[in-house]
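In: Mind folding the following:
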Amino acid sequence: MKKITSLLILLAIFASCSQNISFNNPSVQGKKDGILWRATESHATRGAGTALSIEASNAFETLTLNTTLSSPGVFPLGTSESKKATFITVVDGVTSDYETGYNYTTNTGIGDGQIQITEHDTVNMTVSGTFRFNAKKMNSTPGEETLNFYEGVFYKVPVR
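Out: Below is the predicted model of the structure:
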């Protein structure tokens, strides 16, 4: 009887072990001011010439990463209008603008960081890479609010 009981216990233990694997691709996430931020929707769009814009959003926020090329490479931020990161927050159902102050950006001489495209899959039309940046709040005086994103990753984001 002891052997049967032991066998049933072992069987119950092994039967309860399972692998619940969930895939998170496409995915865009990073640490926003030290707290994990994750997009629920993301896509990339080819712009003029070879430019690429990656847009990721959740219920209240939108992150946009712009580069001059869609091919693998490192794109420094804070050096031009064409390579930049923008983060916009929606408040009370209204997308913020420059007046409400929930718009953060890098631009020529504003903020810093980089976007690195590590893979552009032209067969499956996806793009993957990493990003980090310090963006300035629009319409703020020098030294005021900076948004910090680090350990940012975009993985298999579909290119439209």
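In: quick one: Ser128 from Asp121, how far?
Out: The span separating Ser128 from Asp121 equals 8 Å under the rule CB to CB, to the nearest Å. Using the backbone N, CA and C atoms, a C-beta is placed for each residue, glycine as well.
In: Which residue of these two possesses the greater neighbour count?
Out: Ser128 (19 against 12; other CB atoms under 10 Å).
In: Contact partners for the more buried one?
Out: Ile117, Thr118, Glu119, His120, Asp121, Phe154, Tyr155, Lys156, Val157 (CB atoms under 8 Å, 6 or more residues apart in numbering).
In: which one among the residues you listed gets closest to Glu55?
Out: Val157 (8.9 Å; CB to CB).
In: what about the closest one, which helix or strand?
Out: strand 146-158 (DSSP states H and E).
In: swap in Ala56?
Out: Applying DSSP H and E, one finds Ala56 within strand 52-57.
In: List the neighbouring strands of that strand plus their orientation.
Out: Note on strand 52-57: by DSSP bridges, its sheet partners are strand 41-46 (antiparallel), strand 61-67 (antiparallel).
In: Go through these and pick out the most buried.
Out: With neighbours defined as mean count of other CB atoms under 10 Å, the strands paired with strand 52-57 peak in mean count at strand 61-67, which reaches a mean of 22.
In: The lowest-mean-pLDDT helix or strand in the chain: what's the following helix or strand?
Out: In the chain, no helix or strand scores lower on mean pLDDT, DSSP states H and E than strand 94-95, which sits at a mean of 56. Note on strand 94-95: by DSSP H and E, the next helix or strand toward the C-terminus is strand 103-105.
In: Show me the shaky parts of the protein.
Out: 1-2, 6-25, 91-101, 140-144 (pLDDT under 70).
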